[in-house]
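**Student:** show me how the following folds:
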Amino acid sequence: MTEYWFARHKPGLPQNASRGLMPINWKGRTAIAAFVLGLVLGGAGMLLFGLRDQAQIGIPLFIVLAIAGGSFFLWASVARTDPNKIVADYRADGVLK
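**Tutor:** Purely as a prediction, here's the structure:
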């Protein structure tokens, strides 16, 4: 059985279901943080290498980190999203499980 990291924000038919995803556990929040961290580290690396006149290293570094973070997030959002339940189904007294 697949452990889900995300759930849909609103219910609806598959063609009309909300595309907004909400993390339902720490693994979902970690996937989002990894994506943001990849962009931030790539941008910082590009800035630092650019200031040292080594843009030929900084630009590919940003591209690689952005693609890695984005690919991981896209994989997680497709493979680890519950297709049948919404985020409210995972809430217990207003707190996510």
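
**Student:** now do the strands in this structure.
**Tutor:** Using DSSP state E, the strands of the chain run over residues 6-8, 21-23, 81-86, 91-92, 95-96.

**Student:** and the second one, which strands flank it?
**Tutor:** In other words, strand 21-23. Partner strands and pairing direction for strand 21-23 (DSSP bridges) are strand 6-8 (antiparallel).

**Student:** can you list the neighbours in contact with the strand it pairs with?
**Tutor:** 17-24, 28, 76-77, 80-83, 85-87, 89-90 (C-beta atoms under 8 Å, 6 or more residues apart in numbering). All C-beta spots, glycine's among them, are computed from the backbone N, C-alpha and C.

**Student:** quick check, residue 39 in contact with residue 66.
**Tutor:** Yes. The pair residue 39 and residue 66 qualifies as a contact (C-beta atoms under 8 Å) at a distance of 5.8 Å.

**Student:** the two: who's more crowded?
**Tutor:** Taking other C-beta atoms under 10 Å, residue 39 and residue 66 do not tie; residue 66 has more neighbours (17 against 14).
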